[in-house]
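>>> sequence and predicted structure are below.
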Number of protein chains: 2
Amino acid sequence: MISRRGLSATSIRETAKHAEAPLGSTYHYFPGGKQQLATEAVRFTGERVARRLREEPAAGPAAGLRAFLGLWREFVVGSDFHAGCPVLAVAVEEPQDGEVPPALTAAAEVFEQWEALLADSLRAHGAEPGQAAQLATPVVAAVEGTVAMCRAKRSTEPLDRTAGQLQALVAAATAK
Amino acid sequence: MISRRGLSATSIRETAKHAEAPLGSTYHYFPGGKQQLATEAVRFTGERVARRLREEPAAGPAAGLRAFLGLWREFVVGSDFHAGCPVLAVAVEEPQDGEVPPALTAAAEVFEQWEALLADSLRAHGAEPGQAAQLATPVVAAVEGTVAMCRAKRSTEPLDRTAGQLQALVAAATAK
């Protein structure tokens, strides 16, 4: 039996709705239950964000970061602070003892993908290779943490503050 | 009836255990059910982290940040990547329509408190007041997001990377 504890299915459905994800509106379509729904939501969000990060390669990492932040702003504001990030929701979940759920593995892969895309973009625009990798991780982490803070506070102020600081970090890393 | 959907109670219990929190080991002790357990866990973690942030005021914001990061490293590694942050877990939750759960309000208050303590410390050590407030938010967001990334990846590498970048940001802000 699939564990029901903690899996934020409502959040996933809500996000999927605002992301226009082709997820079934009921579990009926997902014979694997919540884990499968969660894994699909994680992969869908992963690809949607990745597409944004790849959209403006010529414009550089600052444009990519702006697009990344803009996408989350749309989700959070457009859902009246109800939608969150399914990748983060899954990563916050408690895995069952001795078992790594497929959704958690998918979440780790999505984080890796976003970090790699950001790091590639930073490198392609002059960042020192090691620094690019070091910077991509806290950028992804800060954006994810900020989305959760916006929901708790029902305010976009955390996104505004984080955006400013991350843009400055990216500018400094690529200005060398 | 208290909604059971999504609330990451296992994560909260696990974190509480590693934090040596005086939370009941069963819901028996919490007549308010999961919402009350979650609110207690959020407040307990909030105060525990706040105490760390206040511990070394003379040593400055770099020491405060190191303590903040160190506390999460202890939780995450000490629990073999099972424990997460209950404040983040609650912030990721889906609130029920037309209702702001008490745990979510508590999470927003805890984020505010951590941000204020970091900003105060930055200001007391030479950061420009506006910049201190702008910086405190992404620092808290990045640490929270990083804890979730460490759990998904079962690795402390995200914490190492985030620590390095955040220390540099704090050093730059207080060196002016």
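Yep, that arrived.
>>> ranges for the helices of chain A?
Taking DSSP state H as the test, the helices found in chain A are A:9-18, A:33-55, A:61-78, A:86-92, A:102-124, A:129-153, A:157-174.
>>> ranking those helices by mean pLDDT, which is last?
Ranked by mean pLDDT, the helices of chain A bottom out at helix A:9-18, with a mean of 54.
>>> about what we covered before: mean neighbour count added to the helices of chain A, as CSV?
For the C-beta atoms, the positions are set from N, CA and C on the backbone; glycine is no exception. Compiled in CSV, these are given as follows (neighbours: other Cβ atoms under 10 Å in any protein chain shown):
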stretch, mean neighbour count
helix A:9-18, 22
helix A:33-55, 19
helix A:61-78, 19
helix A:86-92, 31
helix A:102-124, 21
helix A:129-153, 25
helix A:157-174, 20
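>>> turn those helices into a markdown table, including distance to chain B.
Listed next are the helices of chain A as a markdown table, based on distance: least, Cβ to the nearest Cβ, whole Å:
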| stretch | distance to chain B |
| --- | --- |
| helix A:9-18 | 4 |
| helix A:33-55 | 10 |
| helix A:61-78 | 11 |
| helix A:86-92 | 4 |
| helix A:102-124 | 4 |
| helix A:129-153 | 3 |
| helix A:157-174 | 4 |
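>>> got those helices as CSV, with distance to residue B:74 columns?
What follows is the helices of chain A, written out as CSV (distance: least, Cβ to Cβ, whole Å):
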stretch, distance to residue B:74
helix A:9-18, 28
helix A:33-55, 28
helix A:61-78, 30
helix A:86-92, 18
helix A:102-124, 22
helix A:129-153, 18
helix A:157-174, 26
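>>> show the contacting residues for the closest residue to residue A:110 other than its chain neighbours.
Spatial nearest neighbour of residue A:110, excluding adjacent residues (Cβ to Cβ, 6 or more residues apart in numbering or on different chains): residue A:46 at 3.4 Å. For residue A:46, the contact set (Cβ atoms under 8 Å, 6 or more residues apart in numbering or on different chains) comprises A:87, A:106, A:109, A:110, A:113, A:114.
>>> was I right about the fifth one contacting residue A:50?
Spelled out, it's residue A:113. Yes. The criterion here is Cβ atoms under 8 Å, and residue A:113 meets it with residue A:50 at 5.7 Å.
>>> any common contacting residues for these two?
Contacts common to residue A:113 and residue A:50, judged by Cβ under 8 Å, 6+ apart, are absent.
>>> so how many other residues sit close to residue A:175?
Other residues lying near residue A:175 total 9 when counted by other Cβ atoms under 10 Å in any protein chain shown.
>>> tell me the pLDDT of it.
Confidence score, pLDDT, at residue A:175: 85.
>>> for residue A:117, see how far away the nearest residue to it once chain neighbours are set aside is.
Spatial nearest neighbour of residue A:175, excluding adjacent residues (Cβ to Cβ, 6+ apart): residue A:126 at 7.5 Å. According to Cβ to Cβ, to the nearest Å, residue A:126 stands 17 Å off from residue A:117.
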